[in-house]
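Enquirer: predicted model, plus sequence, below.
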Amino acid sequence: ETGALIGVLNDYGIMRDCLNTANGDGKGGYFIGTAGDKSEITRCLSLGQNWERTIAKMEQLIDISDVYFYNSGSSTALNALSPSEIGDASNYDGWDIGTDKNLWTIPSSSSNKSYPIPFYSEMREK
């Protein structure tokens with residue numbers, strides 16, 4: 001199946017620190033199309049609509065406790081964040097969010113529509 005960021009995450013594969021702002025094409029998940037055995041998604045955020053499809057696709061993953069989804073409605077699904085919650089760093093358990101050499105940052109916005117964005121690559125020298 002098609003995934004918004006990865007089509008097939010192979011066995012023991014890791015997808016880490018990703019932001020998906022697209023809605024995808026409706027054929028797969030909003031991060032991955034299919035996940036292999038013991039694959040892992042860590043510190044990822046999806047802003048796409050109809051993200052509920054993704055949860056079923058991720059059942060075989062080790063842990064999705066730090067993967068979050070934007071929810072403009074009133075969903076109480078796992079890790080769904082409302083518009084008022086999405087820009088609050090305290091809602092992201094275990095994420096490195098800040099303004100210096102942090103992996104993620106939340107830009108300030110007068111419109112209150114901020115959300116975490118990748119900020120400082122872990123591959124760069126600190």
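Expert: Structure's in. What do you need? Numbering: from 1, shown residues only.

Enquirer: for residue 122, which non-adjacent residue is closest in space?
Expert: residue 103 (6.0 Å; Cβ to Cβ, 6 or more residues apart in numbering). Placement of C-beta: from N, CA and C, glycine included.

Enquirer: hang on, I meant residue 35
Expert: Leaving aside its sequence neighbours, residue 35 sits nearest to residue 9 (Cβ to Cβ, 6+ apart; 4.8 Å).

Enquirer: may I have the phi/psi pair for the residue nearest to residue 122?
Expert: phi -70, psi -30 (degrees, to the nearest 10).

Enquirer: didn't it look like it was pressed against residue 117?
Expert: No. The pair residue 103 / residue 117 is not scored as a contact, 10.3 Å apart, by Cβ atoms under 8 Å.

Enquirer: of those two, which one has the most company?
Expert: When residue 103 and residue 117 are compared on other Cβ atoms under 10 Å, the one with more neighbours turns out to be residue 103, at 17 against 13.

Enquirer: before we move on, back to that, so what's the residue nearest to residue 122 up against?
Expert: 17, 43, 95, 96, 97, 118, 119, 120, 121, 122 (Cβ atoms under 8 Å, 6 or more residues apart in numbering).

Enquirer: for it, report the pLDDT, please.
Expert: As predicted, residue 103 sits at a pLDDT of 90.

Enquirer: now do it against residue 83, distance only.
Expert: As judged by Cβ to Cβ, to the nearest Å, residue 103 and residue 83 stand 23 Å apart.

Enquirer: quick one: the helices in this protein?
Expert: Counting by DSSP state H, the chain has helices at residues 52-57.

Enquirer: all strands in it, in order from the N-terminus.
Expert: Taking DSSP state E as the criterion, the chain contains strands spanning 6-9, 14-20, 32-35, 40-46, 67-70, 80-81, 104-105, 117-118.
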